[in-house]
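Asks: Pasting the sequence and the predicted coordinates here, then a few questions.
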Amino acid sequence: MWSRRRGLNSGPPPCWPHEIPRWRFQPSFELVYRLSYGGPIFTKYHTNYKPISRTEWNPRYTFIPSSHRNDGVGMKIGIIGAGNLGSSLARGFLKSGTINANDLKISDINEKKLNALASLGMKTTTNNKQLVEDSDVVFIAVKPGMMDSVLKETKNVSSDRLFVSVAAGVSTEFIEKRTKARVIRVMPNICGEVAEMASCYSLGRTAIPEDGELIEQLLNSIGTAFKVDEGLMETVTGLSGSGPAYFYFFMKGLQNAGVELGLPSDIALKLVAQTAKGAGEMAMTHGDLEKLIKNVCTPGGTTIEGVKMLEKGKVEESVEKAVKAAVKRARELLR
Ligand SMILES: NC(=O)c1ccc[n+]([C@@H]2O[C@H](COP(=O)([O-])OP(=O)(O)OC[C@H]3O[C@@H](n4cnc5c(N)ncnc54)[C@H](OP(=O)(O)O)[C@@H]3O)[C@@H](O)[C@H]2O)c1
């Protein structure tokens, strides 16, 4: 019998996606199934395609909302906050095909932000309470300072809901004190929009391991996700949460140099962005950064001269200091 629980009686996947690099994610059988046959993950999870019987279903171990087990409807995902992060998650989920537009709802107090997203087909609302009622999993993507008021608004939620907070510096404990929902904390970054997000997550006290699996699959569908102890979340915040800004900063320097030396600005930007993308892929594939630097720096060649200048400017040291400063601030803000 096919089961949502990873590997349980599920037999071999219909075809293993060898072409997907292993570093990107460890595909579960369910995800392999989706990749093989197409369609959103959650439609296959929760439809009557191969329903899990009531006796098999143990709510302590399997997060399957009863309302969606046999009715042919996909899991409903809600996002509170349609700002930079919330909208990038929504766009990423749609772009990757993980979630159908009609299974995705997003709320915000600002209707203008919602209009842009409504045009992509997802449902929108200004009513957070309604969104929580209509969703099985709710991502909370408001500024940390707004978390308290959003939790107050939605305080009558039942424990069969899963809240996923992406707010920097807000602990699962803080959220759990204010809600009955199960809680997972995620530190994403802004690159979800292009399905290249680096993220980490940790489970709250009441979240069950299958909640973690579910969220890991969702996050992996728009990038690469790792489970970490919550104590490391501030480090992740300063490293990969803030990370895109460090890269943009460095890229700005490269683009400026290209322009000063005669390249049109748009071509310089594309050269820099493609180089960053390629370098990232190479780092993911080969892993050894020292070796990768060495491979480009032919002795007596051109790159080595550039790298010497970076060393003279203590760029590596400055980058380390930047991350440590961001992590320090994240720890100061933690509550
Ligand atoms: N941006 C990043 O790169 C990044 C990375 C990692 C984590 N995060 C986390 O993601 C969260 C959101 O950050 P962001 O950059 O996306 O902020 P943002 O652009 O300000 O988005 C937050 C959105 O929530 C709206 N909002 C405020 N109160 C609300 C309420 N009660 N109900 C519904 N919507 C409400 C805001 O509307 P108004 O603008 O009208 O107030 C805004 O549109 C933060 O907690 C942050 O720590 C962000």
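Replies: Looks like it came in fine.

Asks: any idea where the helices of the stretch 201-335 of the chain begin and end?
Replies: Assigned by DSSP state H, counting those that start in this stretch, the stretch 201-335 of the chain shows helices spanning 209-220, 233-236, 243-260, 265-286, 289-296, 303-312, 315-333.

Asks: how about residue 82, what does it touch?
Replies: With contact taken as C-beta atoms under 8 Å, 6 or more residues apart in numbering, residue 82 is in contact with 90, 106-108, 110, 113-114, 117, 124, 141. C-betas here are computed from N, CA, C, even on glycine.

Asks: what do you get if the cut-off is 10 Å, keeping everything else the same?
Replies: Contacts for residue 82 (C-beta atoms under 10 Å, 6 or more residues apart in numbering) come out as 89-90, 106-118, 122, 124, 141-142.

Asks: near the ligand, which of those residues show up?
Replies: The subset of these within reach of the ligand, by C-beta under 6 Å from any ligand atom, is 107-110, 113, 141-142.

Asks: What subset of these is buried?
Replies: Buried by 16 or more other C-beta atoms under 10 Å: 107-108, 113, 141-142, out of the ones next to the ligand among the contacts of residue 82.

Asks: which bits of this structure sit near the ligand?
Replies: Counting by C-beta under 6 Å from any ligand atom, the chain sits next to the ligand at 80-86, 107-110, 113, 128, 141-144, 146, 149-150, 166-168, 188-190, 241.

Asks: mind listing which of these are in strands?
Replies: Residues of these located in strands (DSSP state E): 80, 107.

Asks: Filter the residues of the chain next to the ligand down to just the buried residues.
Replies: Here, 16+ other C-beta under 10 Å leaves 80-82, 85-86, 107-108, 113, 128, 141-142, 144, 150, 166-168, 188-190, 241 buried among the residues of the chain next to the ligand.

Asks: pLDDT at residue 111, what is it?
Replies: Per-residue pLDDT puts residue 111 at 95.

Asks: just residue 62 next, same as before
Replies: Per the predicted model, pLDDT is 39 at residue 62.

Asks: again with residue 39
Replies: Per-residue confidence at residue 39 stands at 44 (pLDDT).

Asks: picking up where we left off before, got the helices of the stretch 201-335 of the chain as TSV, with distance to residue 183, mean pLDDT and mean neighbour count columns?
Replies: Below are the helices of the stretch 201-335 of the chain laid out as TSV (distance: least, C-beta to C-beta, whole Å; pLDDT from 0 to 100; neighbours: other C-beta atoms under 10 Å):
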stretch	distance to residue 183	mean pLDDT	mean neighbour count
helix 209-220	9	91	21
helix 233-236	13	98	22
helix 243-260	24	98	14
helix 265-286	30	97	13
helix 289-296	35	97	12
helix 303-312	42	97	12
helix 315-333	18	97	14
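
Asks: Point out the one among those helices that comes closest to residue 175.
Replies: helix 233-236 (12.8 Å; C-beta to C-beta).

Asks: Which residue, other than its chain neighbours, is closest to residue 88?
Replies: residue 193 (3.8 Å; C-beta to C-beta, 6 or more residues apart in numbering).
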